[in-house]
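Visitor: Build the 3D model from these lines:
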Amino acid sequence: MRKILLVSTAMLLSGCTVGPDFKTPEAPSAQGYTAEGQPAPTASAATPLGQAQHFDPRQDIQADWWALFKSPALNSLIEHALAANPTIDSAQAALRQARELVRAQQGAYYPQVSGGLSASRNLTPTASLSPASASGNPYYSLITAQLSVSYTPDVFGLNRRTVETLAAQAEMQRFQLEATYLTLTSNVVAAAVQEASLRGQIEATAETVRIEAHLTDILRQQFALGQATRGDVAAQEAALAQAQQALPPLQKQLAVQRDLLTALAGRLPNEEIAEHFNLADFQLPTEIPLTLPSTLVEHRPDIRAALETLHAASAQVGVAIANRLPQFTLSATGGSQPNSIGNLFTPGTGFWTLAGGLTQPIFDAGTLQHRQYAAQAGFDQAAAEYRSTVISALQNVADSLRALQYDADALTAAVASERAAALSLEIAKRQLQLGAVPYLALLNAEQTYQTSRLSLVQAQAGRLADTAALFQALGGGWWNRTEAPPAD
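Guide: I've put the predicted structure just below:
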């Protein structure tokens, strides 16, 4: 106990903060996201949304990265979503709550002052006691006015570590807000591209239905002239029905997609948005910023949130250690206790008390020690989760880069396939009219053309969607925003 008192006295005079001081983990040393290093430009195709894309590590992502798609309707919808979607409001409220908790805990740095006033009317039982008042009157009044001051010196940094924990949690909520902002805008872009893809697929399927209906009329005429069999007509009618059957599922998906866009805009289903999206409304960004991994860890909101979680876990270790050390308290009370309000400041009615205290845990069956061990284990867990978040973030970027490379190749192949299938179908139709080929050849050409049309639309939409995914994986450019998200 003597050693504890000596150490406590020395630390009371000097002051310290126990526990580890947080250090930010080193950034990844990797210079790229793939084994090949800097990605080469993508392939190009002579079709809308077929331009080659280039990746430049010297460029930075603009805050409104979705504007690179050159779609006024998309810009308008994202503006509405940021203003009305409740997920933004929820994240902002969580941030405000966390910051207020920090301010509340910072109040413990200062003395706590309280005042009190009480009044009572009393009767002394004169049969057993002498009158309590100086006048001898058994009836007396008692007025007590007092001021109390208490202060807990932060000798071992318990409060400082607690504030540090709450401040790190507030920073984590700030990056959660940025993550919500990025996720919302990315979801709107992805949903808009998906709607455009569905409209393109519906248009291609409707064109296939038109072709199938035209061929059905031709075969019926040939059957009437004896140039086609009833089996050929039946097979073509089945092909027409199959093409028509493909439309309702696509229309259903489009309706569901419209509901999703309406919800993302913060509206009820009956308040459908006015914006409509087609693939022709978008332009493909061709110059893509590509930050290095060491910069990515500073930009990705999820990595920054994981870093602040690690910071909070580090400060919790200090809290657990400080709870095992002596706690000091200082207090003072002063006031006046007259028998009437008029004598409140009369000499002889005043009182005061000065007190100091020290509390040191002596035996708790290892409770505080194991809480410290638990805090250290929590720090190890947060460190592992941080590393996992960094790895996942770099994987997201690598996956998006791979996707863009192969999307370009897929679009090139889809263009060649669609043109070849269209030419083959046109030749088959002419040969069928001349009786040079059987109907089965035409049916095969129709099916090939329908498949190639849908693949072309999906390949075009895939390039747009994966480009948006890369912007999201790189952090979305929130650090370049001149204004905070709405209502922050």
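Visitor: for the stretch 301-450 of the chain, what are the low-confidence residue spans?
Guide: Judged against pLDDT under 70, the stretch 301-450 of the chain has no low-scoring part.
Visitor: Quick one: the strands in it, in order.
Guide: 327-336, 350-359 (DSSP state E, counting those that start in this stretch).
Visitor: Dump those into a markdown table; add distance to Glu272 and mean neighbour count as well.
Guide: Heads up, the C-betas are built off the backbone N, CA and C, glycines and all. A markdown table is the format used below for these (distance: least, CB to CB, whole Å; neighbours: other CB atoms under 10 Å):
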| stretch | distance to Glu272 | mean neighbour count |
| --- | --- | --- |
| strand 327-336 | 61 | 16 |
| strand 350-359 | 64 | 11 |
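Visitor: As a markdown table, those with distance to Arg258 would be great.
Guide: Shown next, in a markdown table, are the strands of the stretch 301-450 of the chain (distance: least, CB to CB, whole Å):
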| stretch | distance to Arg258 |
| --- | --- |
| strand 327-336 | 61 |
| strand 350-359 | 64 |
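Visitor: Compare those and give me the one nearest Ala377.
Guide: strand 327-336 (24.6 Å; CB to CB).
Visitor: follow-up on the earlier one: for the strands of the stretch 301-450 of the chain, which one sits closest to Arg161?
Guide: Between Arg161 and these, the shortest gap by CB to CB is with strand 327-336, which sits at 13.5 Å.
Visitor: Report the strands that pair with the closest one, each with its relative direction.
Guide: strand 139-151 (antiparallel), strand 350-359 (antiparallel) (DSSP bridges).
Visitor: Surely Lys23 is in a helix?
Guide: No. Read with DSSP: H, G, I helix; E, B strand; the rest coil, Lys23 is coil and lies in no helix.
Visitor: before we move on, the earlier item: turn the strands paired with strand 327-336 into CSV, including distance to Ala191.
Guide: As requested, these are exported to CSV (distance: least, CB to CB, whole Å):
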stretch, distance to Ala191
strand 139-151, 57
strand 350-359, 59
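Visitor: Of all those strands, which one comes closest to Leu264?
Guide: That would be strand 139-151 among these, by CB to CB, at 51.8 Å.
Visitor: and that closest one, how far out from the chain's middle?
Guide: Computed by CA atoms, centre = their mean, to the nearest Å, the chain-centroid distance of strand 139-151 equals 53 Å.
Visitor: For that strand, which residues meet the burial criterion?
Guide: Neighbour-count burial for strand 139-151, counted by 16 or more other CB atoms under 10 Å, picks out 140, 143-146, 151.
Visitor: Residues contacting that strand, please?
Guide: Contact with strand 139-151 is made by 110-124, 131-133, 329-341, 343-344, 351, as judged by CB atoms under 8 Å, 6 or more residues apart in numbering.
Visitor: Give me the PyMOL select line for the residues you listed, limited to the buried ones.
Guide: A single PyMOL command suffices to select whichever of those are buried according to 16+ other CB under 10 Å:
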select buried, resi 124+331+332+333+335+336+337+338+339+344
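Visitor: any idea which helix or strand carries Ile78?
Guide: Assigned by DSSP states H and E, Ile78 belongs to helix 72-84.
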